[in-house]
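Participant: Structure here, sequence nowhere to be found:
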Ligand code: PMP
Ligand code: GLU
């Protein structure tokens, strides 16, 4: 038996991707699954974006691009931040990668290592903690509660910072809670950061998916001094229904972006050339598709919130962004449901899948035992049918 590396041996598979794979397997066996596991839009990628990819192939854009992404796409991203947020980036401050997930990994690989601490408010997106551990750094969790809408307070942040802290990972709108920090709340966090020595990774991948007139904030734009300390991460996956195209980016100080580009040039090389052409069309093209999808998500959010709130022993904060409902299920622990004794979020979700074919993700891998996550990036019929099945499961 080959001995695995210490790093590989300590890593868990991504709980969201594992839950998605379970649904795929059941479907292949002919079972109808109410699948609320993966956070990916169910819409097809808009036609003009697909056409741009076809044109790219026909024009022979099928070779390696510069390792950090094409000059055209990097410039387009700069123009976009200027247009939407009034934040100026230059192309040498931008690195294109294979999805925002890859961007986040590159940030961590270039910035932290053994002996360093990285602050992660909980609940957090499943991959944050494992990625930090892969670098040898230590995740330091700051627990937030439903009562505080799962938002970290400035005081909590101040208390978590030690001389070893290198980075704070922020995610607003949030996966898995769906809550969005207001501009004022982020300013208060920014002040604590600027009193200290730490850097911030601001994961803004859900910035265009906000509801009830809520506005997303580009963190780095809050204070001029944040420029030297902030890495902004985003991508096309969620905004343009392009999860499989694998294009994300990071924008930040030039020396860090250069270091990340070195990591990327040795590990994976350039992102897919055709996908970069498609992402360029997405960013530069007609934006009406974004608003259309956003409105559909908002309607589904209304439906999910209304139906989930009615379930016995369930509570949740109304999501104002992303496409997740994160609901409390702890009142059901100790019961027998679907023939199984429910002891935690994992057994709850396993029983819901086995007995009712409802696929949701347990809160534990998000650092929030007692909760479950439902992605509502799926049709109204599935949402209605799935929550009805969940209601019967809880009876
Ligand atoms: N950040 C968050 C919070 C996410 O939910 C996701 C979802 N996949 C990502 C980053 C990465 O997205 P992608 O790699 O598809 O760009
Ligand atoms: N971010 C999505 C989710 O949380 C996609 C899956 C993943 O990459 O983890 O479901």
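Facilitator: Received it, and whenever you're ready, just let me know what you need. All figures in this text were calculated on a predicted structure; none of them were measured in a lab. Ligands and ions are numbered 1, 2, ... in the order given.
Participant: would you list every one of the strands in the stretch 1-150 of the chain?
Facilitator: 34-35, 94-97, 117-122, 138-143 (DSSP state E, counting those that start in this stretch).
Participant: So which of the ones you listed is the most surrounded?
Facilitator: strand 94-97 (a mean of 28; mean count of other C-beta atoms under 10 Å). In short, each C-beta sits where N, CA and C put it, glycine included.
Participant: State the mean pLDDT of it.
Facilitator: Averaging pLDDT along strand 94-97 yields 98.
Participant: tell me which parts of the stretch 51-200 of the chain are close to ligand 2?
Facilitator: For the stretch 51-200 of the chain, the contact set with ligand 2 under C-beta under 6 Å from any ligand atom comprises 101, 125, 127, 175.
Participant: ok, now which ones touch the second one?
Facilitator: This means residue 125. By C-beta atoms under 8 Å, 6 or more residues apart in numbering, the contact list for residue 125 reads 171, 174, 175, 176, 203, 366.
Participant: can you tell me how far the closest residue to the third one other than its chain neighbours sits from ligand 1?
Facilitator: With C-beta to C-beta, 6 or more residues apart in numbering as the criterion, residue 175 has its nearest non-adjacent residue at 4.6 Å, and that residue is residue 125. Per C-beta to the nearest ligand atom, to the nearest Å, residue 125 is found 4 Å from ligand 1.
Participant: Give the burial count for whichever residue of the stretch 251-395 of the chain sits closest to ligand 1, as a bare number.
Facilitator: For the stretch 251-395 of the chain, the residue closest to ligand 1 is residue 322, as judged by C-beta to the nearest ligand atom, at 7.3 Å. Residues lying near residue 322 (other C-beta atoms under 10 Å) number 31.
Participant: ditto for the one 5 residues further on
Facilitator: Using other C-beta under 10 Å as the criterion, residue 327 is surrounded by 23 other residues.
Participant: ditto for residue 72
Facilitator: Residue 72 is flanked by 14 other residues according to other C-beta under 10 Å.
Participant: give me the element the residue lying closest to it once chain neighbours are set aside is part of.
Facilitator: Leaving aside its sequence neighbours, residue 72 sits nearest to residue 280 (C-beta to C-beta, 6+ apart; 5.7 Å). Per DSSP states H and E, residue 280 falls inside helix 273-284.
Participant: By neighbour count, which bits of that helix are buried? Give me those.
Facilitator: Buried positions in helix 273-284, judged by neighbour count with 16 or more other C-beta atoms under 10 Å: 273, 274, 275, 276, 277, 278, 279, 280, 281, 282, 283.
Participant: do stretch 248-256 as well
Facilitator: Buried, per 16+ other C-beta under 10 Å, within stretch 248-256: 248, 249, 250, 251, 252, 256.
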